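Trainee: model the following, please.
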Amino acid sequence: MPPAFPERAAWGTASSLRAWQQQALEAYFGADGGTGPRDFLAVATPGAGKTTFALRLARELLDRRVVVGVTVVCPTEHLKRQWAEAAGRVGIRIDPEFQNAQGRVGKDFHGIAVTYATVAARPALHRNRTEARKTLVIFDEVHHAGDGLSWGDAVREAFEPATRRLCLSGTPFRTDVNPIPFVQYEEGSDGIRRSRADYTYGYGPALADGVVRPVLFMAYAGEMRWRTRAGEELTATLGEPLTQDQMSQAWRAALDPKGDWIRQVLVAADKRLTELRRAIPDAGGLVIATDHESARAYAAMLRAVTGQGATVVLSDDPTASKKIKQFAGTDERWMVAVRMVSEGVDIPRLCVGVYATSTSTPLFFAQAIGRFVRARKRGETASVFLPSVPTLMGHAAEMEAERDHVLDKPVREDGLDDDLLAEANRRRDNPDAVGEEFSFETVEASATFDRVLYDGGEFGMQATPGSAEEEEFLGIPGLLEPEQVSALLRKRQADQLRARRKNKTGDPRADGADDRTTAEDLHALRKELNGLVGAWNHRTGQPHGVIHAELRRVCGGPAIAQASAEDIRRRIAKIREWAARRRS
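Mentor: Residues are numbered from 1 along each chain as shown. Have a look, this model is predicted:
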């Protein structure tokens with residue numbers, strides 16, 4: 001790669017920069033003729049290499065004497081150490097053990113790594129440090145600076161004097177209206193202010209470049225039965241239309257270690273991991289749990305399934321960082337964690353995930369999925385198992401959508417409120433703390449393979465765990481190009497439908513619509529729409545997810561996983577209209 005500017009410093013943490021990292025550096029240094037702007041916001045999809053970009057930028061600024069010190073601000077204690085280790089590889093000495101009580105950083109260090117909470121505890125101390133010498137401040141996952149007005153105010157006070165500020169984000173921004181310090185906002189034609197990134201590198205372009213892995217979402221439905229505090233027994237089926245209360249309780253029953261749903265999903269996930277390890281020998285799996293009790297129970301299930309213990313990482317465990325680092329450097333099969341690995345943690349060998357948490361906000365979902373997308377070599381795929389819940393299906397279907405931070409809260413047409421949902425999720429994070437376990441008892445929970453979501457499309461029909469139909473999808477090879485994944489999923493679905501038609505031979509209504517259930521009708525409509533989207537993709541080159549997003553914008557309605565039959569029919573009519581107009 002040719003030099004982008006004079007006095008090129010040593011390479012970053014990789015032997016060479018990726019194209020997007022080079023472009024981002026050029027965008028930074030080209031902004032004002034070579035010294036760079038005071039503030040810069042880079043948004044890049046998880047796994048793309050934001051740390052490498054930031055440290056290469058820091059190395060350049062240090063070598064040019066634009067700055068003489070570096071402060072890294074990050075969300076967790078573990079990430080402090082991770083940043084320090086990465087910085088050490090490019091000759092930047094960062095102290096991850098700095099405490100406010102020290103006051104000064106040791107002379108042997110270029111700077112420090114601290115958490116947002118540490119800064120909020122003594123902002124004046126960090127302001128004095130920042131004023132004392134020319135400092136570059138790197139804000140890792142900068143949306144955390146908006147966690148409450150006190151944190152935002154503290155970050156602004158501490159680092160307002162900084163010579164340079166680099167803000168990084170790898171996920172959709174916050175859904176509240178707290179402004180994020182040092183992030184620029186612009187008012188749109190609708191009068192709403194949104195964050196403005198100086199450089200953006202989304203999941204779609206990263207996937208096309210081979211920088212991240214394609215993610216297959218393995219959705220599981222199932223029958224749930226639970227007993228309320230009043231002794232009433234209720235039944236619901238994940239994957240079918242339910243009220244918000246029914247969905248919440250059915251979801252909770254699915255994740256309950258007392259039921260069979262989570263055990264059956266863990267068995268399926270371990271089979272998928274075994275398949276991936278044929279091509280990726282050290283591939284690992286991660287179960288993201290809601291609370292400590294569930295995490296320990298899931299680990300016990302994995303031991304029973306695999307005959308091997310699973311690494312358990314809990315948020316209050318002082319050895320959590322050590323456990324994560326050890327797991328990253330081994331070929332052990334499974335880790336179970338509560339929140340500790342939701343963002344920023346670098347375990348590139350993670351290829352299989354189980355989303356066994358009730359937290360459903362777009363921010364957390366994107367952070368969690370980001371743990372599995374980091375590609376080490378071309379062709380690696382990732383698989384994430386999750387409940388067939390409309391909220392999660394919507395997030396999975398919109399992986400390629402980019403989302404800015406909205407500062408002025410618009411009226412939500414769908415009646416949902418992200419803030420209230422986030423608050424509800426926080427209350428469910430640890431049932432032991434609020435006593436909710438006494439109001440709910442799982443009686444029965446069983447899983448059914450529902451479908452695979454990939455690149456905005458849906459593939460497969462419901463199948464029993466352990467069946468040949470499920471095995472067809474669990475056995476997809478671990479090394480495939482994105483277009484090969486799509487082709488293979490279409491073939492698997494066609495084979496499944498062909499086998500089912502064959503089994504119905506002799507039934508005069510086998511291929512008719514009269515005996516279709518609502519679910520079968522929806523599936524047929526989704527299949528038709530996905531086929532048309534695939535054809536439009538081949539014609540225009542637009543990613544599937546982008547086409548689905550545009551159809552949703554034009555026709556209205558929720559994501560395809562939540563859409564009604566009428567919603568899907570409107571989109572089918574619209575894409576046919578596009579095709580007819582293009583032919584003419």
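Trainee: read off the pLDDT value for residue 581.
Mentor: We have a pLDDT of 77 for residue 581.
Trainee: what about it, which helix or strand?
Mentor: helix 565-583 (DSSP states H and E).
Trainee: got it, and residue 245?
Mentor: Using DSSP H and E, residue 245 falls within helix 244-255.
Trainee: and that helix, what's buried?
Mentor: Buried residues in helix 244-255, counted by 16 or more other Cβ atoms under 10 Å: 246-255. Yep, even glycine has a C-beta here, placed from its N, CA and C like the rest.
Trainee: which of the residues you listed lies closest to residue 228?
Mentor: The closest of the buried residues of helix 244-255 to residue 228 turns out to be residue 249 (Cβ to Cβ; 8.5 Å).
Trainee: and the gap between that closest one and residue 361?
Mentor: Residue 249 sits 19 Å away from residue 361, going by Cβ to Cβ, to the nearest Å.
Trainee: and what of residue 213?
Mentor: Per Cβ to Cβ, residue 213 is found 23 Å from residue 361.
Trainee: those two: which has the busier surroundings?
Mentor: More crowded of residue 213 and residue 361, by other Cβ atoms under 10 Å: residue 213, with 27 against 20.
Trainee: and the pLDDT at that one?
Mentor: What the model reports for residue 213 is a pLDDT of 89.
Trainee: quick one: it from residue 87, how far?
Mentor: Between residue 213 and residue 87 the distance is 26 Å, computed by Cβ to Cβ.
Trainee: quick one: low-confidence ranges for the stretch 101-250 of the chain?
Mentor: For the stretch 101-250 of the chain, residues meeting the criterion pLDDT under 70 lie at 147-149, 171-178.
Trainee: contacting residues around residue 398?
Mentor: Contacts here follow Cβ atoms under 8 Å, 6 or more residues apart in numbering; on that basis residue 398 touches 456, 545, 548-549, 559.
Trainee: ok, residue 45 next?
Mentor: Residue 45 makes contact with 170, 201-203, 206, 212, 370, 373 under the criterion Cβ under 8 Å, 6+ apart.
Trainee: can we see that at 10 Å?
Mentor: Contacts for residue 45 were tallied using Cβ atoms under 10 Å, 6 or more residues apart in numbering; they are 20, 169-171, 200-207, 211-212, 366, 369-370, 373-374, 399-400, 402.
Trainee: helices along the stretch 51-200 of the chain, start to end?
Mentor: 77-88, 116-121, 123-132, 149-159 (DSSP state H, counting those that start in this stretch).
Trainee: identify whichever of these lies nearest to residue 487.
Mentor: Nearest to residue 487, of all the helices of the stretch 51-200 of the chain, is helix 77-88, at 37.3 Å by Cβ to Cβ.
Trainee: and the closest one, what does it pack onto?
Mentor: If contacts are counted by 3 or more Cβ pairs under 10 Å, 6 or more residues apart in numbering; DSSP states H and E, helix 77-88 sits against helix 50-63, strand 69-74, strand 94-95, strand 111-115, helix 116-121, helix 320-328.
Trainee: for residue 140, give me phi and psi.
Mentor: Dihedral pair for residue 140: phi -80, psi 130, per degrees, to the nearest 10.
Trainee: give me the neighbour count for it.
Mentor: Neighbours of residue 140 under the rule other Cβ under 10 Å: 27.
Trainee: if the nearest residue to it once chain neighbours are set aside is in a bridge, with which residues?
Mentor: Nearest non-adjacent residue to residue 140, counting by Cβ to Cβ, 6 or more residues apart in numbering: residue 74, 3.9 Å away. Beta bridges link residue 74 to residue 115 when assigned by DSSP bridges.
Trainee: my read: residue 74 touches residue 86, true?
Mentor: No - judged on Cβ atoms under 10 Å, residue 74 makes no contact with residue 86 at a distance of 11.5 Å.
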